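In: For reference, the sequence and a predicted model appear below.
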Amino acid sequence: MARLELASYPASLLPGGDEETIRLQSVHLSRFRTLRTVVAVYLLEHYPVPRPKGLLGHQQFTRLLAQLQLVLAGDRFESFRLAAAGRDSAVFQRLIGAIGQATGLRFDPDEGELLLRIRPAAWQATGWEVLARLTPRPLSARAWRVCNLPGGLNATLAAAMVQAAGVRAGDRVCDAMCGSGTLLIERLLAGPAASALALDLNAKALACCRDNLQAAGLSDRVTLAQADACQLDLPEASFDLVLCNPPWGDAVGAHRHNQTLYPALLAELARITAPGGRLALLSHEIKLLQRLLDDTPHWRIQHSTRVFHGGHYPRFYLLERSPVLRRH
């Protein structure tokens, strides 16, 4: 999904990336601060020095400052931190002092806004790399998120789910079990929708969702309702796109409860989804979900992929509602 988003950006892809990294070349740094499907963007420079001590030499340190100034020119930073093996060594302490003196930034080892990663060269045979993050916070830390809940979804992953499900202006959208509203907010920020409904049984979650919607400037585009997603007072085929991040049974809910929750949820979401409609769903209950999907005539798997989220490897499913809803 990140590669698809980057296709419209002024950049050339470079070889050497992996499943967690995309390398590219561009002179338009400011554009990359708006990416939605990546966690962070770094400006990378390679330094042909055998050890980090070489970064303190006049020529290399001048290059390093030029690299940092490119980043500092695009956003407001007040502090910096260093991520490097052996950060407490005398050499790195000297480097920290020199950077602080040259830039005027305060060194904050834990919360520094300008994050610098220094490591042995990953894409060159020798030397060291310095990576400077372009933004004070990760891109996944959205400005609209003023309220958090346990088990809340990472906005970067939510944006990728939305793109995979398709952004269609005529969609009637429902966020079932909306929690803090991450999936629905990312959907509406990606493009217009015919209507949008956020549902949750928990009044605290709805209040959190309302706060985030307001911060995102989307309050007037969404209806909120306190309701049980397994038993909704809604007509059949009410929605074209349903978004759902049900309890995984760890931070929220319990595995034993999911044995009855998930079958009821899939059946009710099938009822309210129009034939040919889509369900974008994320869960760590992979075995349970696969068994249920193998056994149901209501949903067809269009796409399924394992993702990383908060120390877990849940699976994202994009499901299509079967043309005919068969009742048992």
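Out: Nice, thanks for sending it over.
In: Please state the mean pLDDT value computed over the lengthiest helix in the chain.
Out: When the chain is parsed with DSSP state H, its longest helix is helix 255-272. The average pLDDT for helix 255-272 rounds to 92.
In: Pull out the C-alpha coordinates of whatever helix or strand comes next after it and format them as CSV.
Out: Downstream of helix 255-272, the first helix or strand assigned by DSSP states H and E is strand 273-283. Taking Å, rounded to 0.1, in the frame of the first residue of the first chain, the C-alpha atoms of strand 273-283 are listed here in CSV:
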residue,chain,number,x,y,z
THR,A,273,-23.9,-5.1,4.0
ALA,A,274,-25.2,-4.8,0.5
PRO,A,275,-24.5,-7.7,-1.9
GLY,A,276,-21.1,-7.0,-3.4
GLY,A,277,-20.2,-4.8,-0.5
ARG,A,278,-16.9,-5.0,1.4
LEU,A,279,-15.9,-5.7,5.0
ALA,A,280,-12.4,-4.6,6.0
LEU,A,281,-11.6,-6.4,9.2
LEU,A,282,-8.5,-6.8,11.4
SER,A,283,-8.0,-9.4,14.1
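In: Pull out the buried residues from stretch 121-139.
Out: Buried residues in stretch 121-139, counted by 16 or more other C-beta atoms under 10 Å: W128, E129, V130, L131, A132, R133, L134, T135, P136, P138, L139. For glycine as for every other residue, the C-beta is placed from the backbone atoms N, C-alpha and C.
In: how near is the third one to Y42?
Out: Pointing back at V130 there. In this view, V130 and Y42 are 9 Å apart by C-beta to C-beta, to the nearest Å.
In: what's the overlap in contacts for the two?
Out: R117 (C-beta atoms under 8 Å, 6 or more residues apart in numbering).
In: residue farthest from the centroid of this protein?
Out: In terms of distance from the mean C-alpha position of the chain, H58 ranks first, at 39.3 Å (C-alpha atoms, centre = their mean).
In: Please report phi then psi for that residue.
Out: Here is the backbone geometry of H58 (degrees, to the nearest 10): phi -60, psi -50.
In: One more: the one 3 residues further on?
Out: F61 has phi and psi values of phi -70, psi -30 when expressed as degrees, to the nearest 10.
In: Check Q290 too.
Out: According to degrees, to the nearest 10, Q290 has phi -60, psi -40.
In: From A84, how far off is it?
Out: Distance check for Q290 against A84: by C-beta to C-beta, it reads 42 Å.
In: Summarise which helices and strands the lowest-mean-pLDDT helix or strand in the chain is packed against.
Out: Counting by mean pLDDT, DSSP states H and E, the chain has its least confident helix or strand at strand 12-13, which shows a mean of 87. In terms of contacts (3 or more C-beta pairs under 8 Å, 6 or more residues apart in numbering; DSSP states H and E), strand 12-13 is packed against strand 24-25.
In: Just the CA trace of the helix or strand that the strand it packs on is followed by, in CSV.
Out: As assigned by DSSP H and E, the chain's next helix or strand after strand 24-25 is strand 42-47. The C-alpha coordinates for strand 42-47 follow below in CSV (Å, rounded to 0.1, in the frame of the first residue of the first chain):
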residue,chain,number,x,y,z
TYR,A,42,14.0,9.5,7.2
LEU,A,43,16.6,11.5,5.3
LEU,A,44,19.5,9.1,4.9
GLU,A,45,23.1,10.0,4.2
HIS,A,46,26.1,7.6,3.8
TYR,A,47,29.4,8.6,5.4
